[in-house]
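Asker: predicted structure and sequence below. I'll ask about it afterward.
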Amino acid sequence: GNTMFTRNPLYSAATGMFELREVVPGPYLLYVNTAGGAGREPVEVVNSNIEGLVVTVNTGISILGRVSVEGGTVPSVGVRIQLRPMAGGSPTWIGNLPSTQQIQPDGTFRLDNVLPGQYRITAPSVPELYVKQMRFDRFDALYQAVDIVQRGPDPPTLDIVFSPNVSQIEGMSRTRGCSP
C-alpha cells in the first residue's frame, strides 16, 4: 500500500465528515483518529473521487497475552510484542501500532485499543532466545497474519513461547574455483 500524508485535511467533529484532497492513485489504508476512538478502512484510489466512504470508529479490543521461555524465566527487558496492520497483503508501519509497554514478571501482558482487522504479530529476537511458538486464540500466528475481532465476551488471547535452543552455523564461502 501507499503512504498517504495530507496537508490540511478537512474535518468536522460535529458531523464526522472529512475530506482529503490531491490524493494520488493507489491502494491505501485510511486511518481516522477522533476523541471517540479510531478506525481504518482500505481504500483504492483510481481516476475518480471517492464519495460516501464510511470509516467505523471504535475504542478497540483488548488482548490478553503471556510470554514464556522453555526451561527458563522471562527476561526482564527486551521483550516487546507489536501488531503491524496489514495493507495490500503486506505488514505496514503506518498508523497506531499496538505494542506492549511492559511484560509483567510472570510473563503476562495486555494490548489495549487494538482496532479490528488483519495484523502480523511481531516479537523481536531476544539475545540467546528465538520465538518458537506464537498462538493467537489457539491459531498459529508465527508466520502468518491473524484476524483480530471480538468474538465473544472474553478478550482474545496471545501466547508466545521463546526457546533458548538456538544453534550456531560456521562455515566458509568459496568461489567456484575454490578460493575464499
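Answerer: Everything's here; your move.
Asker: please identify the buried residues of stretch 12-20?
Answerer: residue 20 (16 or more other C-beta atoms under 10 Å). (Each C-beta comes from the backbone N, C-alpha and C, glycine too.)
Asker: could you tell me the end-to-end distance of stretch 47-60?
Answerer: 33 Å (C-alpha to C-alpha, to the nearest Å).
Asker: next one: it to chain centre, how far?
Answerer: With C-alpha atoms, centre = their mean, to the nearest Å as the basis, stretch 47-60 stands 21 Å off its chain's centre.
Asker: what's next to it, contact-wise?
Answerer: 16, 25, 30, 32, 34, 36-41, 43, 112-116 (C-beta atoms under 8 Å, 6 or more residues apart in numbering).
Asker: out of those, which are buried?
Answerer: 30, 32, 38-40, 43, 114-115.
Asker: residue 28 and residue 167: what is the separation?
Answerer: Applying C-beta to C-beta, to the nearest Å, the value for residue 28 to residue 167 is 42 Å.
Asker: wait, residue 83
Answerer: 29 Å.
Asker: what do you get for residue 82?
Answerer: Applying C-beta to C-beta to residue 82 and residue 167 gives a distance of 26 Å.
Asker: so for the two, which sits in the more crowded spot?
Answerer: Comparing residue 82 with residue 167 by neighbour count (other C-beta atoms under 10 Å), the higher total belongs to residue 82, at 17 against 5.
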